[in-house]
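Undergrad: got a sequence here, can you model it:
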Amino acid sequence: MLDILPGAPKPATDDSKMFDLAPVSLWVEDFSGVRDLFEAWRTEGVTDLRAYFKAVPERVAQCAHSIRVVKVNQKTLTQFEAADFDTLNGNLAAVFRDDMLKTHLEELCQLWAGQLHFTSQTVNYTLGGRRLDVLLKGSVLPGHEERWDRVLVSVEDITELEGARHRVTLAEQYARGLFEHSPVSLWVEDFSAVKQLLDQARAAGISDFRVFTDVHPEFVERCMQEIHVLDVNQHTIEMFAAPDKKTLLARLPEVFRDDMRPHFREQLLDLWDGKLFQQREVLNYSLDGDEVHVHLQFSVLPGHEANWDLVLVALTDITARKKAEAYLEFLGKHDVLTKLRNRSFYVDELNRLERKGPWPVTIIMADLNGLKRVNDQLGHAAGDALLRRAGEVLAKAMEPPFQAARIGGDEFAILMPNTDERGGAAMIDAICQLVDMNNQFYPGSPLSFSMGMATCQRGDRLEAGVQRADLLMYEEKRSHYAHQADAKASGN
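TA: Got it, this is the predicted structure:
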């Protein structure tokens, strides 16, 4: 109990002063008219007030108009820009307007249910027309429970708070819109379990994480399984050929698999070294099984560096670029017409074999017979068709590490590392058999090769072997054309 010191002034007991000086808008109102309406409606058989108001909405306004304002405090006059009580009371229609009746309905339903207190959030207006968001709380005063003729209502101005909430809502909607409609795939992920695994490995004395993952590849697999995907955007769903977000998240093992593992291991190595922002090109898979090459940007978001529980991953689809690069690389090493290797590859491979072997190396030089005659008599389209058939035959005969290359217009070379003369002879026989089969399927100009072979041992110059094989090839070519000439002569 508080003791009053001798000589100290006595505390004020005048409730009217406390009411008038309160720092919140206070209203004393007479709800007895509302009480009378309720009693009349109950007598008429109304049991569900909300349904009644829905059927007869003008009854809400009837209740509002039956409420009489007894008095307000000074804060109310200031808040509503009124000079005095009479001015405010005479202009209540300007204060309580528009959608306020919708929230007033909630207050009435609370009273109908037997509650002597009610709360609602609504909108009022000052006499100057300024909009006020307000939190309204009402209470039937003690001693007035029977008639509701004295109800104390507080009206708290929460305009600034609602404005701030509205701005936060707009900012959230804006951020969500940026996320959902971003033209790149965005993933929000939780890497906290991955961090715990790395911390446990470090605590166990692991210092060389690369060697550790070499010896324990299952650790990388476990880390991959511990990634928790929190959200993805619409572009992600489309990029990975998923019907919806739920399906994609349920089938993530189909997306992150196979050739992605070495990329993820490098990502873990960077995280081990404290690199919380990373960029790299990785391989994922769509749900329909296609490879999806992506440029990955990984970032632990600010404020989450301690546990990596919020990570943003952006994936840009570079599959088309990768295909273009692969095609350019193919063009750099392949002949477009025959699909065999080209002269550039042949020269590089010849130099590599001369440096590194393995020995012996057998070289077959082949020349397509009759190409000039076909071009002259039937046109270059027919000649190109014959070259394509030559490419089909030679490609069919090759098995790694053997390589066939078109090194000139009608000239071809076959490089056979770790192969002796018998292996080279077997290759020539195989090509001849494939040529015979090819000629059975293609009418018209027959396919024919003149071939020469040379085998080089360690220490030999491969270029000298090429020259020997060329000479043998030209001898066979001369023999081929001489045989054709004899056949033509005898036919005459």
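Undergrad: not counting residues beside it along the chain, what's closest to residue 202?
TA: In space, and not counting its chain neighbours, residue 202 is closest to residue 272: 8.0 Å by C-beta to C-beta, 6 or more residues apart in numbering. Where C-beta positions appear, they are placed from N, C-alpha and C, glycine not excepted.
Undergrad: hmm, that neighbour is touching residue 211, no?
TA: No - in this structure, residue 272 is not within contact of residue 211 by C-beta atoms under 8 Å, at 11.8 Å.
Undergrad: who has more neighbours, these two?
TA: Between residue 272 and residue 211, counted using other C-beta atoms under 10 Å, the more crowded position is residue 272 (17 against 10).
Undergrad: quickly list what the residue positioned nearest the centre of the chain is bridged to.
TA: Centrality entry for the chain: nearest residue to the mean C-alpha point is residue 185, 2.6 Å, by C-alpha atoms, centre = their mean. Using DSSP bridges, the bridge partners assigned to residue 185 are residue 315.
Undergrad: distance check, it against residue 360.
TA: Distance from residue 185 to residue 360, counting by C-beta to C-beta, to the nearest Å: 52 Å.
Undergrad: tell me who's in contact with residue 152.
TA: Residue 152 sits next to 26, 27, 28, 138, 139, 141 when contact means C-beta atoms under 8 Å, 6 or more residues apart in numbering.
Undergrad: now, those that are in helices?
TA: Within these, no residue falls in helices by DSSP state H.
Undergrad: make CSV out of those and add pLDDT.
TA: What follows is the contacts of residue 152, written out as CSV (pLDDT from 0 to 100):
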residue, pLDDT
26, 96
27, 96
28, 96
138, 94
139, 96
141, 96
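Undergrad: most neighbours among those residues, which one?
TA: Neighbours here mean other C-beta under 10 Å. Within the contacts of residue 152, the largest count is held by residue 138, at 21 neighbours.
Undergrad: and the gap between it and residue 24?
TA: For residue 138 relative to residue 24 (C-beta to C-beta), the value is 13 Å.
Undergrad: can you check residue 479 too?
TA: Remark: distance between residue 479 and residue 24 (C-beta to C-beta) = 115 Å.
Undergrad: cool, residue 259 as well?
TA: 67 Å.
Undergrad: over to residue 448?
TA: Distance of residue 448 to residue 24, given as C-beta to C-beta: 106 Å.
Undergrad: and residue 425, by the same measure?
TA: 106 Å.
Undergrad: do residue 128 as well
TA: Distance, residue 128 to residue 24, by C-beta to C-beta: 20 Å.
Undergrad: settle it for me: which of the two has more neighbours?
TA: Between residue 128 and residue 24, residue 24 has the larger neighbour count (other C-beta under 10 Å), namely 14 against 9.
Undergrad: for stretch 42-62, buried residues please.
TA: 46, 49, 52, 53, 59, 60 (16 or more other C-beta atoms under 10 Å).
Undergrad: swap that for stretch 60-76, sorry
TA: 60, 63, 64, 67, 72, 73, 75, 76.
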